[in-house]
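Asks: Starting from these lines, generate the structure:
(one chain, ligands or ions: 1)
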Amino acid sequence: MDIFDSKGYFCVLYAPLGGGPMSAGSTTGGQRHLGGTMRRDAWWLELLPVVILLGAFGTYATLRAFEGTYYEWGPYLSPFYSPLIDPHHRWWPFSPALLILIWPLGFRVTCYYYRKAYYRAFFLDPPACAVSEGGKRRYRGETAFPFILQNLHRYFLYVGFIFLIFLWRDAFHAFFFDGRIGVGVGTLVLLFNVSLLTVYALSCHSLRHLLGGKLDCFSCVAFAGPRHTTWRWLSTLNERHMLYAWISLITVGLTDLYVRLVASGAVRDLRLL
Ligand code: FES
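Replies: Numbering: from 1, shown residues only. The predicted structure follows:
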């Protein structure tokens, strides 16, 4: 049976008969101290990969954003620095990445899946389905500062699509070496990265809602057929949103790392064609 945790995020299993959103007390067997639960499994194991992966990515991305070097080589440009703005520091004295990272960062931070993941792993609020967060704080959901800012997600989505245009342009440019068409390992890396980022964005809950999920009646609106087809297609992607969120996060980090290694001379880019 499907239910929601005490913060309204989707849970599977551990629901008493009746289901539906319910109080923390009813899902934790009445235990109200931090970690209190009737669960007998190692629920805390779910938190470790989130802490490790998000922690590692956050640290790496922050260091790279401030580094300000080794972000391009030949036709390759790191996704952390795209679109490249003022690389010669005419008016912006700091790393060019700092001008743009707020947008992809905001998109990820406000993502419905990541919210659930980091609320649990970093805030222990609650730590897991049917596990108490403890305390007697009054829950205000995402209706007050700062969490009300999570509602900006759909606007980050719009900007995210603009970024995807730049990243597809970068992947296209990666096929040209000194004016000649070619393919290097970096070409494939950039292409793979932008493909996964696109799938991640297309599987977004907000996008699915905007393009059809909010409708009660498809046949009552204009372009009913195409809209329904699009909604079904996006729904299929949406079922694996968590998977795409993680794979695309790892891929974008590794893509930047590859460009950095090639640009710094640590490895040589292999030309395939
Ligand atoms: Fe995750 Fe929109 S809900 S990207």
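Asks: Touching, residue 39 and residue 126? I think so.
Replies: No. Counting by C-beta atoms under 8 Å, residue 39 sits too far from residue 126 to count as a contact (11.6 Å). (Glycine included, C-beta is placed from N, CA and C.)
Asks: neighbour count winner among the two?
Replies: residue 126 (25 against 17; other C-beta atoms under 10 Å).
Asks: quick one: the more buried one from residue 43, how far?
Replies: 10 Å (C-beta to C-beta, to the nearest Å).
Asks: Please report how far residue 39 lies from the ligand.
Replies: 27 Å (C-beta to the nearest ligand atom, to the nearest Å).
Asks: Checking my notes, that residue in a strand, right?
Replies: No. Read with DSSP: H, G, I helix; E, B strand; the rest coil, residue 39 is coil and lies in no strand.
Asks: Nearest to the ligand within the stretch 151-273 of the chain, name that residue for me.
Replies: The nearest approach of the stretch 151-273 of the chain to the ligand comes at residue 204, 3.1 Å away (C-beta to the nearest ligand atom).
Asks: contacting residues for that residue?
Replies: 111, 157, 238, 241 (C-beta atoms under 8 Å, 6 or more residues apart in numbering).
Asks: what residues are up against the last one?
Replies: It stands for residue 241. Counting by C-beta under 8 Å, 6+ apart, residue 241 has contacts 112, 113, 200, 203, 204, 205.
Asks: what does the first one give?
Replies: When contacts are counted by C-beta under 8 Å, 6+ apart, residue 111 is found next to 153, 204, 245.
Asks: now do the second one
Replies: Residues near residue 157 by C-beta under 8 Å, 6+ apart: 107, 201, 204, 206, 207.
Asks: Quick check, pLDDT for it.
Replies: Residue 157 carries a pLDDT score of 98 in this model.
Asks: That one belongs to a helix?
Replies: Yes. According to three-state DSSP, the state of residue 157 is that of a helix.
Asks: That one and residue 211: what is the separation?
Replies: 11 Å.
Asks: what about residue 50, how many neighbours?
Replies: Residues near residue 50, counting by other C-beta under 10 Å: 17.
Asks: again with the one 10 residues further on
Replies: Residue 60 is surrounded by 15 other residues when neighbours are defined as other C-beta under 10 Å.
Asks: Just want to check the distance between it and residue 47.
Replies: From residue 60 to residue 47 the distance is 20 Å (C-beta to C-beta).
Asks: thinking again about what came up before, and the contacts of residue 241 as CSV, adding secondary structure and pLDDT?
Replies: Shown next, in CSV, are those (DSSP: H, G, I helix; E, B strand; the rest coil; pLDDT from 0 to 100):
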residue, secondary structure, pLDDT
112, helix, 96
113, helix, 96
200, helix, 98
203, coil, 98
204, coil, 98
205, helix, 97
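Asks: now residue 168, nearest residue through space, not along the chain?
Replies: Nearest non-adjacent residue to residue 168, counting by C-beta to C-beta, 6 or more residues apart in numbering: residue 194, 5.5 Å away.
Asks: what about that neighbour, which helix or strand?
Replies: helix 185-202 (DSSP states H and E).
Asks: what residues does that helix touch?
Replies: By C-beta under 8 Å, 6+ apart, helix 185-202 touches 73-77, 79, 157, 160-161, 164, 167-168, 170-171, 174-175, 207, 234, 237, 241, 244-245, 247-248, 251-252, 254-255, 258-259, 262, 269-270, 272.
Asks: roughly how far apart are the residue nearest to residue 168 and residue 148?
Replies: 32 Å.
Asks: what's the answer for residue 78, then?
Replies: From residue 78 across to residue 148, the span is 33 Å (C-beta to C-beta).
Asks: Which one of the two is surrounded by more residues?
Replies: More crowded of residue 78 and residue 148, by other C-beta under 10 Å: residue 78, with 24 against 12.
Asks: For the ligand, what is the nearest residue in the stretch 1-150 of the chain?
Replies: When scored by C-beta to the nearest ligand atom, the stretch 1-150 of the chain has residue 111 as its residue closest to the ligand, at 3.1 Å.
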